[in-house]
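1. Kindly generate the corresponding structure for this input.
(one chain, ligands or ions: 1)
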Amino acid sequence: MDRSCLDANQKAQRPWPIPGLVKEAIRNDPSLRGLVKVSPHLLPNLSGEIHPVFKHKNFPMLSKKAYRNLNLGLRLASRLLKAKHLLHWWVHVGYGKRVLKQKNRKGEAENYLEKTGNYTERQEQLTSDAIDSLSTLVLWTFDVWTGKGDFSYARTTLLNDHEPQPLHPLFAASGPRNACQVFLHDQYRYFAEEGFVDASLEEQLRFSFSFAATIVHELTHCFAAMRRGFLQPEEWFHIDDPDCELGWSWESEAFGGVILACDQKLCPPGHLVWNTWAEEVGKKQAGGYYRQLVPIDWIAGWFREETWSGESLLCVVQDDLVFWERSRKKVSLVHNSRAMGSKRPFTALCDLEEDSDDDHDCNDKVEEESLAVPQSKRLCRRSG
Ligand SMILES: [Zn+2]
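-> Below is the predicted model:
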């Protein structure tokens with residue numbers, strides 16, 4: 001498939017405001033440059049085996065070169081998948097008691113997972129083995145999303161004509177011919193084939209992080225589907241969750257929230273922004289939501305061995321660049337800058353309207369507007 005990176009992205013879309021706002025903020029305050037430029041002591045050094053579920057054979061559409069370029073992301077995904085401190089999440093999906101929560105719009109029963117006691121070491125071991133057994137039950141492929149407003153990083157389907165496989169006892173409900181096929185956005189494939197090698201280190205790290213988060217997110221759907229024997233409806237991980245979505249539940253557990261490309265662009269990857277799962281789900285009713293730029297050093301830390309050598313939970317307050325996104329077209333930079341002091345309310349510094357371009361100068365458009373923004377937001381990285 002010979003297409004440009006641009007073609008692999010959504011066509012005919014106006015520039016997203018956040019990249020222009022980041023550029024403008026750095027122009028006004030050069031000390032913010034550190035948020036987008038990786039520190040020299042944080043070059044990636046992550047080593048270790050790639051989990052068998054991510055073996056090249058399971059990605060039949062990828063050339064050797066593309067698979068090699070995905071190596072960094074696959075290593076991170078492998079660490080995340082085997083992380084001891086995240087195993088309890090999978091055990092709950094495997095062994096939580098299914099209790100009726102409600103009927104969904106289709107009239108199907110939606111259950112939530114109730115914890116009836118402490119999980120045992122044996123259940124943890126069986127869960128870990130079941131995750132490993134996904135290596136013969138998941139096929140990774142790529143697809144293009146072309147519809148307007150139809151962007152998705154990935155989606156998972158259930159195959160029911162797969163070559164019969166011996167099933168782990170946790171997956172017995174699924175039936176021996178069931179397996180999962182995951183469609184990843186073709187931007188991932190294209191960037192791995194054509195863009196990765198010449199990309200900046202920051203782009204490589206953002207791409208690899210996004211790819212790792214996406215493939216483990218989809219594996220949560222695969223794991224649960226193999227457990228129950230069908231894909232939908234899923235269970236609510238916890239009765240009080242913002243939504244019934246196991247992938248977001250896992251990402252919130254792993255990263256303290258939802259981290260996405262600010263402009264739905266993966267080729268090359270744009271800045272990553274963070275918000276909570278509840279904000280993501282409630283943004284329509286709330287008339288918008290706050291998203292903050294994820295510092296590139298925070299991303300880089302995931303690809304460092306020392307991050308994985310302890311059991312510490314690393315949380316940092318990062319409110320240097322916060323955006324108030326009211327719609328796709330209307331995004332404000334709300335900035336609790338060091339210069340302004342942390343007690344002052346956030347102030348909307350800049351609005352880029354629908355037809356603005358990246359180089360728009362916001363200085364004439366300073367808008368004083370007090371906003372009910374939390375005074376601090378936390379990004380968490382837990383190692384171990
Ligand atoms: Zn999902």
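
2. Mind jotting down where the strands sit in this structure?
-> With DSSP state E as the definition, the chain shows strands at residue ranges 97-103, 109-114, 138-143, 154-159, 179-185, 258-261, 272-275, 289-293, 313-317, 322-325, 331-334, 348-352, 378-382.

3. number of nearby residues for the nearest residue to residue 249 once chain neighbours are set aside?
-> What sits nearest to residue 249 in space, not counting adjacent residues and going by Cβ to Cβ, 6 or more residues apart in numbering, is residue 237, at 4.0 Å. From N, CA and C alone the C-beta is placed, and that goes for glycine too. One way to gauge burial is a neighbour count; for residue 237, by other Cβ atoms under 10 Å, it gives 24.

4. Kindly report the same for residue 322.
-> Residue 322 has 23 neighbouring residues, counting by other Cβ under 10 Å.

5. next one: the one 10 residues further on
-> The criterion is other Cβ under 10 Å. On that basis, residue 332 has 25 neighbouring residues.

6. before we move on, what about residue 241?
-> Count around residue 241 with other Cβ under 10 Å applied: 19.

7. Look up how far residue 253 lies from it.
-> 11 Å (Cβ to Cβ, to the nearest Å).

8. again, but for residue 197
-> When distance is defined by Cβ to Cβ, residue 197 is 33 Å away from residue 253.

9. Show me which helix runs longest in this structure.
-> In the chain, assigned by DSSP state H, the helix with the most residues is helix 201-228.

10. what residues are up against residue 50?
-> When the contact criterion is Cβ atoms under 8 Å, 6 or more residues apart in numbering, the partners of residue 50 are 71, 74, 75, 78.

11. let's go with 6 Å and repeat that
-> When contacts are counted by Cβ atoms under 6 Å, 6 or more residues apart in numbering, residue 50 touches 74, 78.

12. same deal with the one 4 residues further on?
-> Going by Cβ under 6 Å, 6+ apart, residue 54 touches residue 74.

13. Residue 165 versus that one, what's the distance?
-> Here residue 54 is placed at a distance of 17 Å from residue 165 (Cβ to Cβ).

14. The nearest residue to residue 275 once chain neighbours are set aside: neighbour count?
-> Nearest in space to residue 275, with sequence neighbours left out and distances taken as Cβ to Cβ, 6+ apart, is residue 291 at 4.6 Å. For residue 291, the tally of surrounding residues (other Cβ under 10 Å) stands at 27.

15. which sections of the chain are below the confidence cut-off?
-> Low-confidence regions of the chain, defined here as pLDDT under 70, cover residues 1-14, 146-150, 310-319, 335-384.

16. Was I right to think residue 51 contacts residue 78?
-> Yes - in this structure, residue 51 is within contact of residue 78 by Cβ atoms under 6 Å, at 4.0 Å.

17. can you give me the helices for the stretch 51-200 of the chain?
-> Assigned by DSSP state H, counting those that start in this stretch, the helices in the stretch 51-200 of the chain fall at 64-69, 71-82, 84-95, 121-133, 186-190.

18. distance between the shortest one and the chain's centre?
-> I take that to be helix 186-190. 16 Å (Cα atoms, centre = their mean, to the nearest Å).

19. same check, this time on the fourth one
-> Using Cα atoms, centre = their mean, we find the averaged C-alpha position of helix 121-133 to lie 24 Å away from the chain's own average C-alpha position.

20. Could you do the first one as well?
-> A distance of 21 Å separates the centroid of the chain from that of helix 64-69, by Cα atoms, centre = their mean.

21. what's the answer for the second one, then?
-> Here the centre of helix 71-82 is set off from its chain's centre by 13 Å, with Cα atoms, centre = their mean.
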